[in-house]
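> Got a predicted model here, sequence first, then my questions.
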Amino acid sequence: MEHTKALLTGSMNPFTMGHKHVVDMGLLVFDTVIVGIGHNPEKDETQELFSRDQRIRMAKECVAEYGDRVVVEFFSGAAVDFAQTSEVTAIIRGIRNDMDHAYESSMSHANALMTEIEHNRIVPTFYIPCPPSLTEVSSSRVRELVGLGRSIDVLRHYVLPPVADVIENEIYNRNEKA
């Protein structure tokens, strides 16, 4: 049987409990999950809350329990091109609500078209619905709460311990010293 690999892409800025849920569910179906942390050239990285290295380190620490079944890599460019070079068999995406579904459905159609025409392959997208406890979890919400200086106890409802540690020790302590 062919080794199956799924790809989860995003800015992972930061990696959240929602991302971890998608990885967990993906591993129930696929042999390997690649977490592709993407660079968006339209965003100014100097304005990012978490550096590229922090995002990679946090994601790796959050999925370390899976060993080599989960690979965390940084990429730039289109996700479909990264999917091609990574030789994945599928793309996995988390869905929290109707807005996510509409966005992901549109993106899935565009990705399917590009993959078929430019790479002569079919790489299906599978949606993983989140449980009710994670419907409000998003990287943008975490960044908003950090920007407001909310307590680490609040943030622990959105992120795993490795991310909370970076927020507490590297973001909050840096701001206190400034």
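Alright, I've got the coordinates. On a predicted model such as this, the values are computed, not experimentally measured, just so you know.
> mean confidence for stretch 117-137?
Averaging pLDDT along stretch 117-137 yields 95.
> Pull the distance from it to the chain's centre.
A distance of 11 Å separates the C-alpha centroid of stretch 117-137 from that of its chain, computed with CA atoms, centre = their mean, to the nearest Å.
> And stretch 31-41, by the same measure?
Stretch 31-41 sits 7 Å away from the centroid of its parent chain (CA atoms, centre = their mean).
> what does stretch 63-76 give?
Between the centre of stretch 63-76 and the centre of its chain there are 11 Å (CA atoms, centre = their mean).
> same thing with stretch 71-82?
Computed by CA atoms, centre = their mean, the separation of stretch 71-82 from the middle of its chain amounts to 11 Å.
> Report the rounded mean pLDDT for that stretch.
Within the predicted structure, the mean pLDDT of stretch 71-82 is 95.
> End to end on it, go ahead and measure it.
13 Å (CA to CA, to the nearest Å).
> Can you give the contact residues for it?
Around stretch 71-82, the neighbours that count as contacts under CB atoms under 8 Å, 6 or more residues apart in numbering are 7, 9, 32-39, 41, 52, 56, 59-60, 63, 86, 91, 111, 114-115, 118-119, 123. C-beta coordinates here come from the backbone N, C-alpha and C atoms, glycine included.
> Just the buried residues of these.
Among the contacts of stretch 71-82, those buried by neighbour count (16 or more other CB atoms under 10 Å) are 7, 9, 32-38, 56, 59-60, 63, 86, 91, 111, 114-115, 123.
> looking just at contacts, which helices and strands does the helix or strand where G36 lies meet?
Take DSSP states H and E as the rule and G36 turns out to sit in strand 32-39. Secondary structure elements in contact with strand 32-39, counted by 3 or more CB pairs under 8 Å, 6 or more residues apart in numbering; DSSP states H and E, are strand 5-10, helix 17-29, helix 52-62, strand 70-76, helix 79-86.
> what angle do the first one and helix 17-29 make?
Calculated by axes from the mean of the first three to the mean of the last three CA atoms, to 10 degrees, strand 5-10 forms an angle of 170 degrees with helix 17-29.
> Identify the neighbouring strands of strand 5-10 in the sheet and state each direction.
According to DSSP bridges, the neighbouring strands of strand 5-10, each with its direction, are strand 32-39 (parallel), strand 90-95 (parallel).
> for that strand, what is the average pLDDT?
Strand 5-10 carries an average pLDDT of 97.
> For stretch 16-33, which residues meet the burial criterion?
For stretch 16-33, by 16+ other CB under 10 Å, it's 16-27, 30, 32-33.
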